[in-house]
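**Student:** Return a 3D structure for these sequence lines:
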Amino acid sequence: MMRMDRNELRRTGTSLKPTLQVGKSGFDDSITRELDSQLEKRELVKMKVLRSMGPASGWRKDLEEMVRSLKAELVEVRGGTVLVHRKKGTSRGKVRMAREQSGSFPKGK
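**Tutor:** Residues are numbered from 1 along each chain as shown. Next up is the predicted model:
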């Protein structure tokens, strides 16, 4: 993604309200499925990661792995607020099947 596009997505994201919350259970299958569903409906999704997950340094790697598995891009992580983008029409395809067979992402501490 070009820098100008990322800045535009960040500006758009400031007016969005978080539509997904991640708590103690971490980035499990239900969160992955819900994020995938929301990205199908709209290209830009704002998530709130609750303090119970700990500092971003503890859960960021899991977040990046989940976003990558959805063929999406992590636009911004600011505190516990996360902005994720995926162009419409981009599907998980084979990644979805492989992901569902392998189990869930690790839970946060």
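**Student:** Residues contacting stretch 40-59, please?
**Tutor:** 9, 12-13, 16-24, 26-27, 35, 38-39, 63, 75, 77, 79-88, 108-109 (CB atoms under 8 Å, 6 or more residues apart in numbering). Where C-beta positions appear, they are placed from N, C-alpha and C, glycine not excepted.
**Student:** Remind me which helix or strand residue 74 belongs to.
**Tutor:** Assessed by DSSP states H and E, residue 74 sits inside strand 73-78.
**Student:** Ok, residue 48 next?
**Tutor:** Per DSSP H and E: strand 44-49 holds residue 48.
**Student:** ditto for residue 40
**Tutor:** helix 29-41.
**Student:** got it, and residue 60?
**Tutor:** helix 56-69.
**Student:** Now find how far off-centre that helix is within its chain.
**Tutor:** The chain centre lies 8 Å from the centre of helix 56-69; the measure is CA atoms, centre = their mean, to the nearest Å.
**Student:** which ones are touching residue 75?
**Tutor:** Neighbour list for residue 75: 1, 6, 9, 10, 13, 44, 83, 84, 85 [criterion: CB under 8 Å, 6+ apart].
**Student:** Now the third one. Nearest residue, chain neighbours left out?
**Tutor:** What that stands for is residue 9. Once flanking residues are discounted, residue 9 sits nearest to residue 75: 4.8 Å by CB to CB, 6 or more residues apart in numbering.
**Student:** Could you measure from that neighbour over to residue 24?
**Tutor:** Note on residue 75: its distance to residue 24, by CB to CB, to the nearest Å, is 25 Å.
**Student:** just to revisit the earlier point, pLDDT averaged over the strand holding residue 74 - what is it?
**Tutor:** Mean pLDDT, taken over the full extent of strand 73-78, equals 95.
**Student:** Pull out the buried positions in the next helix or strand after that strand.
**Tutor:** Scanning forward in sequence from strand 73-78 by DSSP H and E, the next helix or strand is strand 81-85. Across strand 81-85, burial judged by 16 or more other CB atoms under 10 Å covers 82, 83, 84, 85.
**Student:** Among the residues you listed, which pair sits farthest apart?
**Tutor:** Using CB to CB, the buried residues of strand 81-85 span at most 10.9 Å, a distance reached by 82 and 85.
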